[in-house]
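Colleague: Sequence plus the predicted model coming up.
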Amino acid sequence: MRTYLSTALIVLLTVLAPLSAVAAWVDLEVGDTDRFVSTMAPLASDPDVQNAVADRITDEVLAEIDVGPLLKDGVRGLLHDAVLSFETTNAFKNAWKTATRAAHATAEQALTSGGGNAVTIDLAPITARVKKQLTDDSVPYANRIPVRHTQIIVLEANGLGIWRDVTQGLRAAGIWPAVGTLVLTGAAVLLAVHRRRALIGAGLAYAAGAALLFLCVAVARGSILQDLPDTGDRSAAAAIFDALTSSLRTAGWCVLAGGLALALGAWLSGRLPRAPHAPPLAPSAPRSSSPV
């Protein structure tokens, strides 16, 4: 009976280990504004993100002015290159941080509270800085750039599905999945008849849980991105998704390495030769006293 119960707890670890990692990720990555902005900041130099921003701003300008079909491609190329040039500056990086700080609110609403329909990045702060810089540089048509709340869609509501429910539940659970994982590990080992085998099983369960975590991240990425239009938004959204889940994947590798190390250490402990026991000393014969 103890063996069956220990085995059941070890199997449960396969599910609870990745849930613990996701719960920590939701709290630290999605729930913390400064960490969210810090994670998103390097994307200011990502080519897919830069192209998506440049495309959106250029499209807004061409919708505002009428240059005729003959000049349209030339004007578009000029403005697009000018915006891309601006996106290599510190001014763009600061504007991107401002935009991502505002995007954190939409991410929290969409992922954890269910109050939003999409995760978006509002380009208005970036557009305002682009317009000022390009106007100062006397770039043609720069003064015609409209500063509107144009958005890059990172994730749409119909792409959330079960992922929103999972995220909400884990946000509410807090640290308890991690606590439960540790408690179940200890209980599985203590209940086991062969504790070394239980340690090996627990380590392999952690490793399997890490593999399950990688699979879930990959499936979530595909299901979320497939609902976005096949435009620059999808490429930018993929870069943003990968950045936001980078710490989650790192946690998965740590769990995998730790589980394999635990299993290997427990296995080797039973393979190493033990020092031979010294034979017990034979009792010495009593001395016989000689008669005087």
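Modeller: Structure received.
Colleague: Residue nearest the middle of this protein, spatially speaking?
Modeller: Centre of the chain computed as the mean C-alpha position; nearest residue by CA atoms, centre = their mean is residue 245, 1.6 Å away.
Colleague: wait, it sits on residue 216?
Modeller: No - Residue 245 is beyond contact range of residue 216, at 10.2 Å (criterion: CB atoms under 8 Å). For every residue, glycine as well, the C-beta is placed using N, CA and C.
Colleague: now residue 125, nearest residue through space, not along the chain?
Modeller: Among residues not flanking residue 125 along the chain, residue 98 sits closest, at 4.4 Å (CB to CB, 6 or more residues apart in numbering).
Colleague: Could you say which helix or strand holds the one you found?
Modeller: helix 90-108 (DSSP states H and E).
Colleague: mean confidence for stretch 204-216?
Modeller: The average pLDDT within stretch 204-216 is 93.
Colleague: buried set for it?
Modeller: 204, 205, 206, 207, 208, 209, 210, 211, 212, 213, 216 (16 or more other CB atoms under 10 Å).
Colleague: other SSEs contacting the strand or helix carrying the second one?
Modeller: Which is residue 205. Using DSSP H and E, residue 205 sits in helix 195-225. Contacts defined by 3 or more CB pairs under 8 Å, 6 or more residues apart in numbering; DSSP states H and E place helix 195-225 against helix 2-25, helix 162-173, helix 176-191, helix 232-244, helix 246-271.
Colleague: Distance check, residue 173 against residue 167.
Modeller: In this view, residue 173 and residue 167 are 11 Å apart by CB to CB, to the nearest Å.
Colleague: Could you tell me the least trusted of the helices and strands packed on helix 195-225?
Modeller: Lowest mean pLDDT within these: helix 162-173, a mean of 70.
Colleague: which ones are touching residue 72?
Modeller: By CB atoms under 8 Å, 6 or more residues apart in numbering, the contact list for residue 72 reads residue 62.
Colleague: how far off helix 90-108 does the helix or strand it falls within point, in degrees?
Modeller: Using DSSP H and E, residue 72 sits in helix 69-86. Here helix 69-86 points in a direction 90 degrees away from that of helix 90-108 (axes from the mean of the first three to the mean of the last three CA atoms, to 10 degrees).
Colleague: buried sites along helix 69-86?
Modeller: Using 16+ other CB under 10 Å as the test for burial, helix 69-86 gives 75, 76, 78, 79, 80, 82, 83, 84, 86.
Colleague: Just send these back as CSV, with pLDDT and distance to residue 121 too.
Modeller: Conversion of the buried residues of helix 69-86 to CSV gives the following (pLDDT from 0 to 100; distance: CB to CB, whole Å):
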residue, pLDDT, distance to residue 121
75, 82, 25
76, 86, 22
78, 87, 25
79, 87, 20
80, 89, 19
82, 89, 21
83, 88, 15
84, 90, 17
86, 87, 17
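Colleague: and which of those residues is nearest to residue 1?
Modeller: Proximity of those to residue 1 (CB to CB) peaks at residue 84, which lies at 67.9 Å.
Colleague: quick one, what contacts the closest residue to the closest one other than its chain neighbours?
Modeller: Leaving aside its sequence neighbours, residue 84 sits nearest to residue 54 (CB to CB, 6+ apart; 5.1 Å). Applying CB under 8 Å, 6+ apart, we find residue 54 in contact with 80, 83, 84, 87.
Colleague: And for residue 201?
Modeller: Counted by CB under 8 Å, 6+ apart, residue 201 has contacts 7, 10, 188, 263.
Colleague: Pull out the buried members of these.
Modeller: Applying 16+ other CB under 10 Å to the contacts of residue 201 flags 7, 10, 188, 263 as buried.
Colleague: Can you list the low-confidence ranges for the stretch 1-150 of the chain?
Modeller: Within the stretch 1-150 of the chain, the stretches falling below the threshold (pLDDT under 70) are 110-117.
Colleague: about what we covered before: looking at the contacts of residue 54, which is nearest residue 33?
Modeller: Distance to residue 33 across the contacts of residue 54 (CB to CB) is lowest for residue 87, with 23.4 Å.
Colleague: Distance check, that closest one against residue 71.
Modeller: From residue 87 to residue 71 the distance is 24 Å (CB to CB).
Colleague: ditto for residue 3
Modeller: For residue 3, the distance to residue 71 - CB to CB - is 80 Å.
Colleague: Surely residue 120 is in a strand?
Modeller: Yes - assessed by DSSP: H, G, I helix; E, B strand; the rest coil, residue 120 belongs to a strand.
Colleague: what's the burial count for the closest residue to it other than its chain neighbours?
Modeller: Once flanking residues are discounted, residue 120 sits nearest to residue 151: 4.1 Å by CB to CB, 6+ apart. Neighbour count for residue 151, taken as other CB atoms under 10 Å: 18.
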